[in-house]
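A.B. asks: One predicted model, sequence on top.
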Amino acid sequence: MRRLLCTQSTDKYQGLDSSQFWTHLLLQRQILVSTSFWKTRTLARQEQKDAVDCCKNSILMFKVTTSTRSAFMSDNNVSMLNSKQSFETFFSRADALNKFTLIIVVLPVSPDILNTISEHTLQQNKAAFYVHSIGFYSHFTLQISKAFPIVDTHPDPVSTQDLRLLNPWPELLSYAQEKTQNLQDMDAEQHGHVPYVLLLFHHLEEWKHRNGGKVPDNYKEKAAFRDLVKQGMRTNNAEGGEENHEEAVAAVLKSLNPAVPSSSAKEVLTAPESVELTQQVQSYQIFCLHSH
Amino acid sequence: MAEPIPPPLTGPTSKEKKYDRQLRLWAASGQAALEDAHLLLVNSGSGVVGIETLKNLVLPGITT
């Protein structure tokens, strides 16, 4: 018992619609009932008929309910393929799998076919899904190409945050200086509303002035710098402190680090797949190449 | 084939309305990838697993 169902675009298989369902054996009625998209009413109407008709009917329903265009064929009308093709001969053709971009295999299938599919997908950088289900038990294997880019679209914000404290662009620095130049003379409201990044810049300049242009680079110095920032906070108010200064104090240890890409990110840039471009170039490789 | 997605000012197309939930998940690019996929399903056994899989690909919009 084995059957092949395939959908594919067919300029090769003239006379078919743009996709085809090809089955070796007739679909059994029970199978149709057990899948939710075949309505029982349709089946009842078709009860006296061949299961093939039933299947055709359901694929017609496909046409109506979705935008899928499909055609159905079984061994009985294999002549539509212009030659006697069977399950095995389909796979024995070298170019049989070229058209497909995604291959789903429901196991068990014969090792020959499995090998053909596996080798083809590895070679062509395609994905293949293997599904094996035995009643309540099933397992699922995904075979992907050797280099498969996965973009982490929501990384931990802390890992990517860079306040540019150690390498500010000129406009940022001059803006910080402008906003903090008369910090001592500000009234309580103004003083409590200077953005904390600007406060850090202000105190960093002060630190550099005192320490010969160097920035705090070890824990001891950072702790001392933190105390310096803390001293700038006014405590003679109703809250007994200022939130912006508290934020600045909290940011010292984690933000006063030079921003370097993680070792794993560097590894991606220097991986052989990123350096050597092939015919099946993936967009991330172009990014990698240009970042060198 | 994937229809070009018009700019947002023109309002959602019927297709965008139909696939609204999943478009939020994988965006127009993901939808296009799904619609442009050429699928080969090699079924075996009783065939139920493959057909169910196929159904779950057809409903989100796999075409040819």
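C.D. replies: Right, received. Where do you want to start?
A.B. asks: Could you use CA atoms for every contact and neighbour count after this?
C.D. replies: Noted.
A.B. asks: What is the burial count for A:Y196?
C.D. replies: 19 (other Cα atoms under 10 Å in any protein chain shown).
A.B. asks: Was I right to think it contacts A:A250?
C.D. replies: No - assessed by Cα atoms under 8 Å, A:Y196 is found out of contact with A:A250, at 9.9 Å.
A.B. asks: SS state for the nearest residue to A:P258 once chain neighbours are set aside?
C.D. replies: When the adjacent residues along the chain are set aside, A:P258 lies closest to A:L166, with 6.5 Å between them (Cα to Cα, 6 or more residues apart in numbering or on different chains). What DSSP: H, G, I helix; E, B strand; the rest coil gives for A:L166 is coil.
A.B. asks: any idea how far A:L166 is from A:K214?
C.D. replies: As for A:L166, its distance to A:K214 is 10 Å (criterion: Cα to Cα, to the nearest Å).
A.B. asks: Between the two, point out the one with more neighbours.
C.D. replies: Ranked by neighbour count (other Cα under 10 Å), A:L166 and A:K214 place A:L166 first, with 15 against 12.
A.B. asks: Is it correct that that one is in contact with A:N257?
C.D. replies: Yes - under the criterion of Cα under 8 Å, A:L166 makes contact with A:N257 at 7.5 Å.
A.B. asks: Pull out the buried positions in the longest helix seen in chain B.
C.D. replies: When chain B is parsed with DSSP state H, its longest helix is helix B:20-36. Within helix B:20-36, the residues that count as buried by 16 or more other Cα atoms under 10 Å in any protein chain shown are B:23, B:28, B:31-32, B:34-36.
A.B. asks: Just after that helix, pick out the following helix or strand.
C.D. replies: As assigned by DSSP states H and E, the chain's next helix or strand after helix B:20-36 is strand B:39-44.
A.B. asks: and that following strand, which strands flank it?
C.D. replies: strand A:2-6 (antiparallel), strand A:102-106 (parallel) (DSSP bridges).
A.B. asks: Mean pLDDT lowest where, among those strands?
C.D. replies: Mean pLDDT per stretch puts strand A:2-6 lowest among the strands paired with strand B:39-44, at a mean of 36.
A.B. asks: Give me the nearest residue to A:P149, chain neighbours excluded.
C.D. replies: A:Y284 is the one closest to A:P149 (Cα to Cα, 6+ apart), at 7.3 Å.
A.B. asks: so what's the one you found scoring on pLDDT?
C.D. replies: 71.
A.B. asks: Is it in contact with A:A147, as I believe?
C.D. replies: No - counting by Cα under 8 Å, A:Y284 stays clear of A:A147, with 10.8 Å between them.
A.B. asks: still on that earlier bit, burial count for the residue nearest to A:P149?
C.D. replies: Applying other Cα under 10 Å, I find that A:Y284 has 16 neighbouring residues.
A.B. asks: next one: A:A176
C.D. replies: For A:A176, using other Cα under 10 Å, the count is 19.
A.B. asks: List the contacts of it.
C.D. replies: A:198-199, A:201-202 (Cα atoms under 8 Å, 6 or more residues apart in numbering or on different chains).
A.B. asks: Go again with 6 Å.
C.D. replies: The contact partners of A:A176, by Cα atoms under 6 Å, 6 or more residues apart in numbering or on different chains, come to A:L198.
A.B. asks: quick one: B:Q22 from B:N43, how far?
C.D. replies: Distance, B:Q22 to B:N43, by Cα to Cα: 26 Å.
A.B. asks: Go ahead and measure how far the helix or strand encompassing B:I51 is from the middle of the chain.
C.D. replies: Element membership of B:I51, judged by DSSP H and E, is helix B:48-58. Relative to its parent chain, helix B:48-58 has a centroid offset of 13 Å by Cα atoms, centre = their mean, to the nearest Å.
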